[in-house]
Every structure is written in C-alpha cells, then in structure tokens.
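In: Predicted structure and sequence below. I'll ask about it afterward.
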Amino acid sequence: MQFKILKTNSKARVGEIHTEHGIIQTPAFVPVGTRASVRGLSAEDLKEIGVEILFGNTYHLHLKPGEDIIKELGGLAQFMNWNGPTITDSGGFQVFSLGQAKMKGEDGEEDTLVKITEDSVKFRSHIDGSLHEFTPEISIQIQKKLGADLIVAFDECAPHPSTEEYTRGAMVRTHNWLLRCIEEFKNPETTFFKQYFYGVIQGGVYESLRKESAQFIAAQDTDGIAIGGVSVGESKKEMRQVLEWVHPHLPDDKPRHLLGIGEVDDIFDAVEMGMDTFDCVIPTRFGRYGIVFVSPSIGNVKNKFRMDLNRTVFASDNQPLDPNCTCLTCKNYTRAYIHHLFKVEELLAYRLASYHNVHFLVHLTKKIRQSLLDGNFAEFKKQWMS
RNA sequence: GUGGGCGUAGCUCAACGGUAGAGCAUCAGUUUGUGGUACUGACGGUUGCGGGUUCGAAUCCCGUCGCUCACC
C-alpha cells in the first residue's frame, strides 16, 4: 500500500493514503454509511462537504442487498455513485452488537442473536431472524466482493466490561482469525478489486493484553492496523490509556485506523496519539436526534460541543446552527426553522442536521491536519479544549 | 325553552367515598466500527366555583357558571 507520511509532530502524523479510488489526506474523519448510504446524505452531498472516504458495513450489506449484487454493479463505491475511497468493517462489531441484543428463539425462550466458537460466529439476522454464519474466510470473501479499497480483519470485540479471561479469549480468537483472514485475502481466486487489508488490535482495557495484541498484529503482513474494542462503554480515560499502551508497538509506516471514534475531544486526542483515520456514526446519529455540533465559543468542553435543537429556546432563534460554520445548512437555514422541522419530524430536519454534523467533524479534522502542517497544533487544540 | 352528558396537570384522559395517576408537552441528562431511536430523572393539579351530607368528597346531594349533544 502506498502510505506517505508528510510530516510528524511527536506522535501525530500528517499523511496520504493512496487507493484505487483516490487519495485520503490524513488525519481524516470517516463518515459511516452502514448500508451504502450515509443516512440522509447523497454522494454529491458528501463530495460537496469534502469527505474523502466512506465506511460501509459487511454485515448489513451482506444481508441487503448482498455482496454479489454490489460486485456485479462495480463494487461499493460505484454502486452508491460515490466513486471515491471506501473502507468496510468486517462484521466483527455486529457480533458484539448483536450479542447484546435478545431475540425470542423457536422455543419461545429469549436468546442472544449470536453464538461464537473458535471457528466461526453464528448469528440471526436482526431483519428476519434467519440464521447466518461468518468465518474469517467468509468475511473476507464478502468484503472482496463489496470491493472497498480498505478492508478489515474479522475480529471479536469483547463487550465492556468483560473479565480479563474472556477478553483474552476474544483476543486470541481475533489473532487466530487474522491469520486465516490474511490467507484468504491473498487468495487470488477470490480477488476482484485492488484492496488493502487492516488487522485489528483487541485486548479490552487490559494493559498486558493490549501490548500482546499490538505486538502480534504489528508482526503480521497487513497494509494497515486498526484498533478495535474501544467506544464500547469504557471511559474516555480508559480509551486514551489503550492508545498509549498500544502506540509503542505500532509500525510507523502503516496507516492506523481507530474504530468507532469520535467526539470532538476524542478526535484531538486520537490524532495526537498517532491515529490516521477514525470512523464514527455520531454526526449522522446525532443529526437524527436533533443534536448538532457547535464550535467555540458556543461549543466547549463542558457542553461537549453539542447543541440540542429540540429545545424551545431555539423556536424563534434566527441564527445559523453554528455562526462559524460555512456549510450549506448554516449558510441557508436558521435554528428556528430546523427546530421546527424536528418538532414536526420532517425528513429535512435529519438531512440538514446530518449535513452540518458531517461537515463539522470532517472540517475539524482537516483543520487539525492543517495545524499540524503549520506547526501550531498545540495552539489550535488549546483554542478548542480550554 | 325541555332533557341528557361533561368540566381533574399546558393538552388528551384515568381514578368514581379513604386526602389524585398515565401518555404527550416542558425542563435536565444519556447515546462513539448505526436495529430510523430509545431510555433515565425533574417540574407540574386548593379535581370550574359556592354550599351541603360524611370521621373522610374528584367521587354523593343542592345551587351556580361554562362547554356539548338531542328534542321542541
């Protein structure tokens, strides 16, 4: 893989990831489009915003529309008229996510949707309850057909909290599965697109496990490295701790993806701790809930840079969502109008708020990147985080 | 005009003799590799008004005001 580091600042890096569909300037925020759609936004919107890479999900796309259709139609990027770089998750997180969910089985007893063994994961579709099985090989085969530029190893994300014993088991499975993923990734018979492969570090909140996992993953022949098992309910302090434990073992020349992050403070810290890309559902999920991100001086650490548009105080507020923002929503619409749209549950509410939120995090990350290039990251961070 | 029904939290209603509850709304939180949200708190009523019966009335009785329906 072509990964170029243009500049470093302590642990932080500015770089470029070159893919078949284009170049990603890192650090980069990766909006999540689980089902080949960043909810509420079109590919044209995303281009206009300045998004450089999208995140899709193997589990969801496998269920609908199915990887064969997407392969026939030219792969994920072409299918959704995005035509830019994409990354797919392995389905590993859904194993975690569905593992928390309950469904009534044939015997009427409540059961989890997931059964994990050393060889595979069996699970029921959340859509129709049908049985499915993922092995590391199947996950990679599906991802090869989906055709994202970057694909991710099938891992097990242990819930939080989990005992050290269980977390170790999940980590060992993740390691064993990685070797199988690599074999399948290299299999020319199942290769259709030019892709790059990321291994996933697990180990929960345990220092020795994180170290062991980081060393194991770093030693394998992968193009990039992802850090998983974060943003699953652990504290922010623990999440940062994990990055510190893992960092010394990461090879400098591979891009690093932090899975499931983040919020504003998380993005600053993730970049500072040497992460290159990070995906998160927050801008679109919050966009649907009526929570929009705001920059200083309205936004601050205390309010988490969030503004809840559902509040009545905005009913006649004639200002844009964020006075400092240059996005389409902020240039054209008022808080009062979007507040109203949320109150009457108009679809446009979700769209306008999601547009702003994606723009906000993408451009925050771009500004962080520029501050690293300009050598004033510390001052920029202080402007936001003080 | 005659007869009936109804007036309980901002709204829609519950409790029908033992000193009032819910949903929605409001306010404050939560949501990090997406099951189009949900969840957790808080605030909020001298039960239209006046009188009576009763140990005790939102509840029964009388009057009054307001709304509503039917009939003439």
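Out: In hand now; what should we look at?

In: which residues touch the most centrally placed residue in chain A?
Out: Closest to where the C-alpha atoms of chain A average out (Cα atoms, centre = their mean) is residue A:279, at 2.4 Å. Listed by Cβ atoms under 8 Å, 6 or more residues apart in numbering, the contact partners of residue A:279 are A:29-32, A:55, A:87, A:257, A:259-261. For the C-beta atoms, the positions are set from N, CA and C on the backbone; glycine is no exception.

In: Output those residues as JSON lines; include the columns secondary structure and distance to residue A:42.
Out: Putting the contacts of residue A:279 into JSON lines (DSSP: H, G, I helix; E, B strand; the rest coil; distance: Cβ to Cβ, whole Å) gives the following:
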{"residue": "A:29", "secondary structure": "strand", "distance to residue A:42": "18"}
{"residue": "A:30", "secondary structure": "strand", "distance to residue A:42": "17"}
{"residue": "A:31", "secondary structure": "strand", "distance to residue A:42": "12"}
{"residue": "A:32", "secondary structure": "strand", "distance to residue A:42": "15"}
{"residue": "A:55", "secondary structure": "strand", "distance to residue A:42": "16"}
{"residue": "A:87", "secondary structure": "strand", "distance to residue A:42": "19"}
{"residue": "A:257", "secondary structure": "strand", "distance to residue A:42": "25"}
{"residue": "A:259", "secondary structure": "coil", "distance to residue A:42": "25"}
{"residue": "A:260", "secondary structure": "coil", "distance to residue A:42": "24"}
{"residue": "A:261", "secondary structure": "coil", "distance to residue A:42": "25"}
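
In: Turn those into TSV, including neighbour count.
Out: Below are the contacts of residue A:279 laid out as TSV (neighbours: other Cβ atoms under 10 Å):
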residue	neighbour count
A:29	26
A:30	25
A:31	26
A:32	21
A:55	24
A:87	28
A:257	26
A:259	26
A:260	21
A:261	23
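
In: ok, of those residues, which one's closest to RNA strand B?
Out: Taking Cβ to the nearest atom of the strand as the measure, RNA strand B sits nearest to residue A:260 out of the contacts of residue A:279, at 2.8 Å.

In: doesn't residue A:89 make contact with the closest one?
Out: No - using Cβ atoms under 8 Å, residue A:260 is not in contact with residue A:89; the gap is 9.4 Å.

In: so which of the contacts of residue A:279 also contact RNA strand B?
Out: With the criterion set as Cβ under 7 Å from any atom of the strand, the members of the contacts of residue A:279 near RNA strand B are A:32, A:55, A:259-261.

In: Go through stretch A:210-230 and flag the buried ones.
Out: If you call a residue buried by 16 or more other Cβ atoms under 10 Å, then stretch A:210-230 has these buried ones: A:210-214, A:216-218, A:222-230.

In: If you could redo that for stretch A:229-242, that was the one I meant.
Out: A:229-232, A:234, A:239-240, A:242.

In: How far off centre is that stretch?
Out: Remark: stretch A:229-242 is offset 15 Å from the chain centroid, using Cα atoms, centre = their mean, to the nearest Å.

In: what about it, near RNA strand B?
Out: Yes - against RNA strand B, stretch A:229-242 shows contacts by Cβ under 7 Å from any atom of the strand at A:229-233, A:236, A:239.

In: my read: residue A:57 touches residue A:92, true?
Out: No - in this structure, residue A:57 is not within contact of residue A:92 by Cβ under 8 Å, at 10.4 Å.

In: Tell me which of these two has more neighbours.
Out: Between residue A:57 and residue A:92, counted using other Cβ atoms under 10 Å, the more crowded position is residue A:92 (29 against 20).

In: Around RNA strand B, which positions in the stretch 201-350 of chain A sit nearby?
Out: Checking the stretch 201-350 of chain A against RNA strand B by Cβ under 7 Å from any atom of the strand, the hits are A:226, A:228-233, A:236, A:239, A:259-263, A:266, A:279-282, A:284-285, A:288-289, A:291, A:304, A:308, A:310-313, A:343, A:347, A:350.
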